[in-house]
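Novice: need coordinates for the below:
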Amino acid sequence: MTRPEARVEFLDPVAAEDAQRRAAGTLRRAGLRAGDRVAFCLRSSADLLNCVLGAARTGIVPVLLNATLLGAERDVLVADAEPAMVIDDEEDLARLLTGAPAELAPFPLTRPMHYTSGTTGRAKGVWSGVLTDEEARGLFEDEAELWGFDAGDTHLVCSPMYHSVAIRLASASLLRGGRLIVLSRFDAALAAQVLRQHRPTTTFMAPTALQRLLADPRTEERIDSLRLLIHAGSACPARLKRAALARTRPGALWEFYGSTEGQFTVCSPEDWEAHPGTVGRARAGRRIGVDDGGVIWCEAPGFARFEYWRDPDATARAWRDGAFTVGDVGHLDDEGFLFLDGRRDDLVITGGVNVYPAEVEAVLADVPGVAEVAVFGVDDPQWGERVCAAVVGHVDVDVDALSSHARAHLAPYKRPKQYFALDELPRTATGKLRRRDLPDALGLATDETSA
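Specialist: Numbers count the residues shown, from 1 in each chain. Presented below is the predicted three-dimensional model:
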């Protein structure tokens, strides 16, 4: 299947407001009401953002699914979300924008539901329900005030909209009167052209995208139009951070630590240079703590509450005394700066996208000759982490067969980039897989992340 060419669109707030009202009107006339869900499985576009915001500003919950999922993978999540409507075709998306307009709240009345791992390896929806007007205003201003969005901004959207950060930042900028430039997918050459010709003032990029942009020969030596370049989603190698600091305006390169579930910290360039490797201090209205096991907890405002969709046990594990965790571990210095020591136990974050080893292992285990398989991540200068698989075979396992099976059953970002044959997997005395021991056992180099 040929990858579609990246395209660029421009969106101004007046046209966007009309489109959002029309999308809301169409959904209302189709019988959807506050708390109902509408699932979207499409690549990024101005139309997608307008339909998502039109739904959210009436309390209809958008469910954003990864557009690269194969049909069977998508169907599992759709069945779990039980949406009243599924939009997975661009013509159907366009039809949402043709109805008579409806009234909208000034801010989204709900957070879109995105699927993530939570504190276990099974993907689950992060659900916030329908917010009160006060909660909705607080949630919106939490993002818009932090980054100082206003009508003078042009925000470049170049991360996929199934990432929660893309919707959050684009919405905050647009509803503060700013303009948007939307890339259908990240393409370094196209991003460099947009930066050069249209001079956006703000953007977000995962470290993987930032590295590609800086490495592209068409990117100007200095990226001077951006007053704000935010990155997050995976560990940023120190050498990449320093390269980006050298090529952006003083004070422009900011970082945050967060997850689909909620936001923890923010880090200015000055704070990072004074505390290399930190992901910053607690965002406004939050307090960060680390328990005796090194697990990071965050006390958050009421508008930031969430639960895992129809999974009360996972929700109970995530919350304790008004604070939540996503299972990451780290430590705080004497000034309250947070340093990450590890991500969730099994999760691999590659290019800012979550990969759940158990899902990949279940697919690869079906290949003839495979006795055991363990999927794990290795630090990678391009992807943050690359997906790898260690395989124990009843007989010699054909790597081509593994690769072919993965291509047939897994989206591209989930497919292992390397396979390793082992006589046995490392396990504890009780038989539990020691997944974290695999990179060292295989002699795989790790990438610098904080030095």
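Novice: let me know the outermost residue of the chain.
Specialist: residue 395 (38.8 Å; Cα atoms, centre = their mean).
Novice: in the host helix or strand of residue 408, what's buried?
Specialist: For residue 408, the host element (DSSP states H and E) is helix 399-409. For helix 399-409, burial by neighbour count (16 or more other Cβ atoms under 10 Å) applies to 402, 405, 406, 409. All C-beta spots, glycine's among them, are computed from the backbone N, C-alpha and C.
Novice: got the contact list for the last one?
Specialist: Under the criterion of Cβ atoms under 8 Å, 6 or more residues apart in numbering, the neighbours of residue 409 are 70, 72, 363.
Novice: which residues does residue 253 form a beta bridge with?
Specialist: Beta-bridge partners of residue 253, counted by DSSP bridges, are residue 229.
Novice: related to what we said a few turns ago, now the residue farthest from the centre of the chain: which helix or strand?
Specialist: Residue-wise, residue 395 maps onto no helix or strand under DSSP H and E.
Novice: please report phi then psi for it.
Specialist: Phi and psi for residue 395, reported as degrees, to the nearest 10, are phi -130, psi -180.
Novice: quick check: it touching residue 369?
Specialist: Yes. Under the criterion of Cβ atoms under 8 Å, residue 395 makes contact with residue 369 at 5.0 Å.
Novice: please save the CA atoms from the helix holding residue 408 in PDB.
Specialist: What follows is helix 399-409, C-alpha atoms only, in PDB (Å, rounded to 0.1, in the frame of the first residue of the first chain):
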ATOM      1  CA  VAL A 399      13.100 -14.000  10.100                       C
ATOM      2  CA  ASP A 400      11.500 -13.400   6.800                       C
ATOM      3  CA  ALA A 401       8.400 -15.400   8.000                       C
ATOM      4  CA  LEU A 402       8.300 -13.300  11.200                       C
ATOM      5  CA  SER A 403       8.500 -10.000   9.200                       C
ATOM      6  CA  SER A 404       5.900 -11.100   6.700                       C
ATOM      7  CA  HIS A 405       3.500 -12.200   9.400                       C
ATOM      8  CA  ALA A 406       4.000  -8.900  11.200                       C
ATOM      9  CA  ARG A 407       3.300  -6.900   8.000                       C
ATOM     10  CA  ALA A 408       0.100  -8.800   7.600                       C
ATOM     11  CA  HIS A 409      -1.200  -8.400  11.100                       C
END
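Novice: pLDDT wise, what is residue 449 at?
Specialist: pLDDT recorded at residue 449 is 35.
Novice: what's the answer for residue 430, then?
Specialist: Listed pLDDT for residue 430 reads 48.
Novice: could I get the full set of helices for the stretch 101-250 of the chain?
Specialist: Here the stretch 101-250 of the chain has its helices, by DSSP state H, counting those that start in this stretch, at 133-147, 164-175, 188-198, 207-215, 238-247.
Novice: any weak-confidence spans in this structure?
Specialist: Scanning the chain for pLDDT under 70 picks out 1-2, 117-122, 342-345, 428-432, 445-451.
Novice: how distant is stretch 67-79 from the center of its chain?
Specialist: 17 Å (Cα atoms, centre = their mean, to the nearest Å).
Novice: strands of the stretch 1-150 of the chain, start to end?
Specialist: For the stretch 1-150 of the chain, the strands defined by DSSP state E, counting those that start in this stretch occupy 8-11, 37-40, 61-64, 85-87, 113-116, 124-127.
Novice: the second one pairs with which strands?
Specialist: Within its sheet, and counting by DSSP bridges, strand 37-40 is paired with strand 61-64 (parallel), strand 85-87 (parallel).
Novice: just the fifth one next, same as before
Specialist: Within its sheet, and counting by DSSP bridges, strand 113-116 is paired with strand 61-64 (parallel), strand 124-127 (antiparallel).
Novice: hmm, who's touching that strand?
Specialist: So strand 113-116 is in contact with 37, 61-65, 77, 81, 123-128, 162-164, 259-261, 309, 354, going by Cβ under 8 Å, 6+ apart.
Novice: among the strands paired with strand 37-40, which is nearest residue 95?
Specialist: Residue 95 lies closest, by Cβ to Cβ, to one member of those: strand 85-87, at 9.1 Å.
Novice: in the closest one, which residues are buried?
Specialist: 85, 86, 87.
Novice: repeat that for stretch 285-304.
Specialist: 286, 288, 290, 295, 296, 297, 298, 299, 300, 303, 304.
Novice: distance to residue 272 for those - can I get that in CSV?
Specialist: Output for the buried residues of stretch 285-304, formatted as CSV (distance: Cβ to Cβ, whole Å):
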residue, distance to residue 272
286, 19
288, 16
290, 19
295, 23
296, 18
297, 23
298, 20
299, 24
300, 23
303, 28
304, 24
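Novice: now find how far off-centre the helix holding residue 408 is within its chain.
Specialist: The answer for helix 399-409 is 26 Å, by Cα atoms, centre = their mean.
Novice: same question, stretch 153-165
Specialist: Relative to its chain's centre, stretch 153-165 lies at 10 Å (Cα atoms, centre = their mean).
Novice: what's the first-to-last distance across it?
Specialist: Distance between the boundary residues of stretch 153-165 (Cα to Cα, to the nearest Å) amounts to 17 Å.
Novice: check stretch 312-327 too.
Specialist: First-to-last distance for stretch 312-327 - Cα to Cα - comes to 17 Å.
Novice: residues contacting the nearest residue to residue 255 once chain neighbours are set aside?
Specialist: Nearest residue to residue 255 in three dimensions, chain neighbours excluded: residue 267, at 4.3 Å (Cβ to Cβ, 6 or more residues apart in numbering). Neighbouring residues of residue 267 by Cβ under 8 Å, 6+ apart: 254, 255, 256, 257, 278, 279, 280, 281.
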